[in-house]
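Peer 1: task: produce atomic coordinates for the following.
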Amino acid sequence: MTFGFYAIVRKVIVNLKSDKAFQGVLWKRRGDYLVLRDAVLHENGHTRKVDGEVLIFTADVDFMQVLNG
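Peer 2: Residues are numbered from 1 along each chain as shown. Purely as a prediction, here's the structure:
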């Protein structure tokens with residue numbers, strides 16, 4: 001899966017193949033990983049704030065939504 005650089009440092013929702021999603025600021029891409037900051041995990045109808053940075057392996061991404069604003 002390829003990700004355009006237009007989304008870097010934008011608010012996104014990264015939907016994973018495991019039916020989990022992370023919402024946060026796409027800070028950068030490092031090799032095969034996306035780095036999110038200020039992330040929130042959405043799982044089984046619950047949300048949880050995540051401390052620090054989240055690394056997401058791009059092969060695990062189903063699709064990504066770039067949010068307005």
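Peer 1: against Asp32, how distant is Asp19?
Peer 2: As for Asp19, its distance to Asp32 is 21 Å (criterion: Cβ to Cβ, to the nearest Å). Backbone N, C-alpha and C define where each C-beta goes, glycine included.
Peer 1: and for Asp62?
Peer 2: 16 Å.
Peer 1: so the residue nearest in space to the middle of the chain is in which element?
Peer 2: Centroid check for the chain by Cα atoms, centre = their mean gives Val14 as the closest residue, at 3.7 Å. For Val14, the element it lies in under DSSP states H and E is strand 10-16.
Peer 1: give the pairing partners of that strand; include direction for each.
Peer 2: Sheet neighbours of strand 10-16, with direction, are listed as strand 21-30 (antiparallel), strand 61-66 (antiparallel) (DSSP bridges).
Peer 1: and that strand, which residues are buried?
Peer 2: Buried residues in strand 10-16, counting neighbours by 16 or more other Cβ atoms under 10 Å, are found at Lys11, Val12, Ile13, Val14, Asn15, Leu16.
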